[in-house]
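Q: 3D model of this:
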Amino acid sequence: MANAKTSGAPRKQANHWLILVLLALAQFMVVLDVSIVNVALPAIQKAFHMSPENLQWIVTMYTLTFGGFLLLGGRAADLFGRRKIFLAGIALFTLASLGTALAQSETWIIVARGVQGLAGAFMSPAALSIVLVTYREGHERNVALSVWGAVASGGAAAGVLLGGILTQYLDWRWNFFINVPVGLIVVASSLLILDRHDSGIDHNELDLPGAVLATGGLMSLVYALVKAPTDGWTSTTAVVFFVIAIAALVAFVINEQRVKHPLVPLSIFRIRNLSGADLLMFCMSAGMFSIFFFTTLYMQEILGYSPVHTGLCFLVMPVIIAVVATNVPRVIQKIGYKPILMIAPLFVSGGLFWLSHIPVHGSFWADVAPGLSLMALGMGGVFVAGTVAATSGVPHHESGLASGLLNTSQQVGGALGLAVLTGIATSSTTHYIKAHATAGPAVATVHGYHDGYLIASTFGIIAALLATFVIRQQKAKTDPSHGEVAAAMH
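A: Numbers count the residues shown, from 1 in each chain. Below you'll find the predicted structure:
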C-alpha cells in the first residue's frame with residue numbers, strides 16, 4: 001500500500017483502519033482544544049483574578065504558536081520522519097495539557113497554552129501526512145479523509161459541549177486533564193502499530209532562515225489579526241505587526257528562491273489544485289470560525305442558555321457533518337470533487353445568511369437550528385472534498401508540507417475572518433446605539449451579529465467561484481509519487 005519503507009503489507013493491512021482511528025483521535029484533541037477552552041474562560045478568569053486583556057491570551061497564545069509553526073511542523077515531518085515528529089508532538093501536547101491543568105498563575109497557564117499550540121503545529125500536519133501516504137490516492141484515501149474531515153469540522157462543536165459539561169459539573173482544569181489519558185493511549189498505540197515512516201528526502205537540512213522568517217511572519221500576522229478588533233486596525237500595535245509580517249513573509253519568499261533546500265519549495269504551488277483548494281479553505285475558514293463565536297454569545301447572552309445547554313444545541317452540527325462526510329467519498333467516486341466544492345460552500349453561505357436574521361426574542365429550533373444545519377451540510381462536503389483536492393497529486397516526500405500548507409491556510413483564514421467579522425459586528429453595534437438611543441443593548445448587539453453573519457456568508461460565494469474557475473477536475477491515480485504530479489501542474 002504505499003510506503004516502501006514500511007514493515008510489511010500484512011501488518012499494515014491488519015492495522016489499516018486502527019491507524020486512521022488513532023490519527024483522527026490525535027487530530028480531535030488538537031481541534032477540541034481550540035473551542036473547549038472558550039466555555040471555561042469565565043471560571044479561569046475568576047480563579048486567577050485575570051483582567052479581560054490577559055484572559056484573551058489563553059486563546060491567543062494557542063492560536064499564535066499553532067498557526068505560526070504549522071509550516072515548520074509539516075516540513076519537519078518530511079525531513080525527519082512522520083512517525084517520529086508525530087510522536088514528539090503528541091508527547092509534548094500531553095505534557096503541556098498536564099501543565100495547563102496544574103497551572104497556579106495566569107502566566108503559567110498562558111505559557112502552557114503556547115506550548116500546547118506549538119506541539120499541535122507539529123502533531124497535526126504529521127498525522128495528516130501519515131494518512132496521505134498510508135492510503136492509496138483515490139477512493140481508499142477519500143474514505144480515510146472523510147473520517148479526518150468529520151473529526152476536523154465536528155471537533156470544534158463537540159468541544160463547546162464537552163467544555164460546558166466539564167466546567168459546569170467538575171472543574172475548568174478537567175478541560176485540560178482530559179487530554180492526558182487520551183494522549184498516553186495515542187503514544188502507546190502509535191509505538192505499537194505505526195510504521196516507521198522514514199523521510200523520503202535524500203537530505204535532512206532544515207532551512208533555518210526560512211523557518212525563522214515563515215514562523216515569525218505568520219505569528220506576527222496572526223497576532224496583528226487578533227489585536228486589531230480591540231485595539232483598532234490603524235492602532236500602532238496592529239500596524240507595526242502587520243508591517244513586520246509583510247516584511248518577514250516577503251523575505252521568506254526571496255529566501256526560498258535562493259536556498260538549495262527551501263522550507264517550502266515554491267514549485268509545489270504549481271500544483272494548481274493544491275493552490276486553489278488552499279485558497280478555498282482559507283475563505284471557508286474565514287467565514288465559518290465566526291459561527292462558534294457569535295452563536296455561542298447569542299445563545300448565552302441573549303437567549304440566556306447555560307454553557308451545557310449551549311453545547312447541546314451545537315450537537316446538531318457534528319451529527320450532520322458525520323453523516324455527510326461519510327457519504328462524500330462515494331459521491332467523489334462518481335462525479336469528482338470539483339462539483340462538490342462548487343456547491344457545498346453555498347450551503348454554508350445559506351446557513352450564515354439564515355443566521356443573519358436571528359431575532360432578539362428567538363428560540364433555538366426556529367431561529368438557530370436551520371442555519372446550523374445548512375452550515376453543517378456544507379461543511380461536511382467542503383472539508384472532505386477540499387482536503388482531497390488540496391492533497392491530490394502531491395508526491396509522498398512533500399505530503400507533510402502539503403498538510404502544513406492546508407492547515408496554515410485554515411488557521412490564518414480563521415484568524416483573519418474572526419478579526420474582520422468581530423470588528424464589523426462591534427462597529428455595527430456601536431453605530432446602532434448612536435442612531436437608536438432608545439434601543440436596548442440586546443437589540444444593538446444582535447444587530448451587530450446580523451452584519452457579522454451577513455459578511456461571513458459572502459466568503460462561501462467566493463469559495464464556490466474559486467472552485468469553479470481555479471480547481472480542475474482530476475481523476476486520482478493509485479500512487480501520487482508516480483508521475484501524476486506533472487498532470488496536476490498547469
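Q: contacting residues for V151?
A: For V151, the contact set (CB atoms under 8 Å, 6 or more residues apart in numbering) comprises 24, 27-28, 31. The way it works is simple: take the backbone N, C-alpha and C, and place the C-beta from them, glycine included.
Q: now do A286
A: Here A286 is in contact with 413-414, 416-417, 420, 456, 459 (CB under 8 Å, 6+ apart).
Q: then I433?
A: I433 makes contact with 439, 441, 444, according to CB under 8 Å, 6+ apart.
Q: just confirm it is within a strand.
A: No: I433: not assigned to a strand; according to DSSP: H, G, I helix; E, B strand; the rest coil it is helix.
Q: could you check how far it is from H361?
A: For I433, the distance to H361 equals 19 Å [CB to CB, to the nearest Å].
Q: tell me what whichever strand or helix holds A211 is packed against?
A: According to DSSP states H and E, A211 maps onto helix 208-231. In terms of contacts (3 or more CB pairs under 8 Å, 6 or more residues apart in numbering; DSSP states H and E), helix 208-231 is packed against helix 57-80, helix 236-258, helix 399-435.
Q: residues touching the nearest residue to S220 once chain neighbours are set aside, list them.
A: Excluding the flanking residues, the one nearest S220 by CB to CB, 6 or more residues apart in numbering is A245, at 3.9 Å. Listed by CB under 8 Å, 6+ apart, the contact partners of A245 are 217-218, 220-221, 224.
Q: how about a cut-off of 6 Å?
A: Contacts for A245 were tallied using CB atoms under 6 Å, 6 or more residues apart in numbering; they are 217, 220-221.
Q: show me which residues of stretch 43-59 are buried.
A: Residues of stretch 43-59 classed as buried under the neighbour-count rule (16 or more other CB atoms under 10 Å) are 43-45, 47-48, 50, 55-59.
Q: now do stretch 457-474
A: So, applying 16+ other CB under 10 Å, buried residues of stretch 457-474: 457, 459-460, 462-464, 466-467, 470-471, 474.
Q: could you single out the nearest of those to S97?
A: S97 has its nearest neighbour among the buried residues of stretch 457-474 in F459, at 32.0 Å by CB to CB.
Q: what is the host helix or strand of that closest one packed up against?
A: For F459, the host element (DSSP H and E) is helix 441-469. In terms of contacts (3 or more CB pairs under 6 Å, 6 or more residues apart in numbering; DSSP states H and E), helix 441-469 is packed against helix 272-297, helix 338-355, helix 399-435.
Q: how far does the first one sit from the chain's center?
A: Going back to what we said before, that points to helix 272-297. Remark: helix 272-297 is offset 9 Å from the chain centroid, using CA atoms, centre = their mean, to the nearest Å.
Q: give the contact list for the nearest residue to A228 once chain neighbours are set aside.
A: In space, and not counting its chain neighbours, A228 is closest to A238: 4.4 Å by CB to CB, 6+ apart. The neighbours of A238, taking CB under 6 Å, 6+ apart as the test, are 224, 227-228, 231.
Q: model confidence score at A238, please.
A: Looking at A238, its pLDDT is 88.
Q: domain ranges for this protein?
A: Domain assignment of the chain by automatic domain parsing yields the ranges 9-206+263-488, 207-262.
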